[in-house]
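In: the following block contains a protein sequence and its predicted model.
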Amino acid sequence: MGDSRDMIDFSEHIKFIITLFAIVNPIGAIPIYISLTDGYRPEERRRIERITPIAVTAILLVALLSGEFILRFFGISIGSFRVGGGILLLLMATSMLHARTSRASHTSDEAEETAERETIAVVPLAIPLLSGPGAISTVIVYAYRTKSMLGYLFTSAGILLIGLAIYLSLSAAPYLAKRLGKTGINIVTRIMGLLLAAIAVEFISNGIKNLFPALA
């Protein structure tokens, strides 16, 4: 029995990492990163490549540790949050299936404002592009399921892996953009969008079951 529960917990953490990777989609962010850093010196790009994953990791870890407190403070049930988060993820998935960046993550106004900023590492790259509402709500939902210190450690490790993936993607952005091209990146984005759409439906269905136990 103990082994079975461990396997279920482990699979849940693997699912969390895959879900978060699909939402963050560091490969899909490469064209935006390249366009925003056009004209930057190599040392400026390297600084952004270091700061952005650190900022994303910090934001998601804060969401992990404070998520349950936020839900209790505002009196939001986990069922309602799952339905709301699922709808948000579904909207993001629809945009990704059309190979577009969801406006829930990044708007044209935010892109224009970056021209006047000294660095774009935190805004808009870290937030809201990479660690936007979808990623934060996903972390909070999974944080609610995590009741043990070991569970928090596994989830934190997953977030750190996402941070590493972001760093590798940004560091290899010129190479990946040249190899994959716009079409290749769009294909990856659409695959992530399809996966995210299925996850969003599961979020919504589980939320409805929480709200209406009789349906379960």
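Out: Looks like it came in fine.
In: in what helix or strand does the residue nearest to Ala126 when sequence neighbours are not counted lie?
Out: Excluding its sequence neighbours, the residue lying closest to Ala126 (C-beta to C-beta, 6 or more residues apart in numbering) is Ala55, at 3.5 Å. All C-beta atoms are positioned from the backbone trio N, CA, C, and that covers glycine. Element membership for Ala55, per DSSP states H and E: helix 42-74.
In: need the longest helix for this protein.
Out: Selection of the longest helix in the chain by residue count, based on DSSP state H, yields helix 173-211.
In: returning to that earlier point: list the contacts of the residue nearest to Ala126.
Out: Ala121, Val122, Leu125, Ala126, Ile127, Ser131 (C-beta atoms under 8 Å, 6 or more residues apart in numbering).
In: just those residues now: which is nearest Asn210?
Out: Nearest to Asn210, judged by C-beta to C-beta, of the contacts of Ala55 is Ser131 at 25.2 Å.
In: run a quick neighbour tally on the closest one.
Out: Other residues lying near Ser131 total 29 when counted by other C-beta atoms under 10 Å.
In: check Ile140 too.
Out: When neighbours are counted by other C-beta under 10 Å, Ile140 comes out with 22.
In: these two touch, right, it and Phe74?
Out: No - applying C-beta atoms under 8 Å as the test, Ile140 and Phe74 come out as separate, 11.5 Å apart.
In: could you point out which element follows the helix or strand bottoming out on mean pLDDT in the chain?
Out: Scoring the helices and strands of the chain by mean pLDDT, DSSP states H and E places helix 108-113 at the bottom, with a mean of 54. Next helix or strand after helix 108-113 toward the C-terminus (DSSP H and E): helix 133-145.
In: what about the helix holding Ala55, distance to the chain center?
Out: 11 Å (C-alpha atoms, centre = their mean, to the nearest Å).
In: check what pLDDT Ala216 gets.
Out: Looking at Ala216, its pLDDT is 61.
In: no no, Gly134
Out: Gly134 is given a pLDDT of 87.
In: hmm, it is touching Gly86, no?
Out: No - the criterion here is C-beta under 8 Å, and Gly134 misses it with Gly86 at 10.0 Å.
In: ok, now which ones touch Leu89?
Out: Counted by C-beta under 8 Å, 6+ apart, Leu89 has contacts Ile23, Gly134, Ser137, Thr138, Leu196, Ala197, Ile199, Ala200, Phe203.
In: is Ile208 in contact with Gly79, as I believe?
Out: Yes - between Ile208 and Gly79 there is a contact under C-beta under 8 Å: 7.3 Å.
In: go ahead and confirm Leu176 touches Ile27.
Out: Yes - with contact defined as C-beta under 8 Å, Leu176 and Ile27 form a contacting pair (6.8 Å).
In: joint contacts of the two?
Out: Ser169, Ile185.
In: same list (the contacts of Leu89) but as TSV, adding neighbour count and distance to Glu68.
Out: TSV is the format used below for the contacts of Leu89 (neighbours: other C-beta atoms under 10 Å; distance: C-beta to C-beta, whole Å):
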residue	neighbour count	distance to Glu68
Ile23	30	20
Gly134	27	19
Ser137	22	13
Thr138	26	14
Leu196	25	24
Ala197	18	27
Ile199	21	21
Ala200	24	22
Phe203	24	17
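In: thanks a lot, catch you later.
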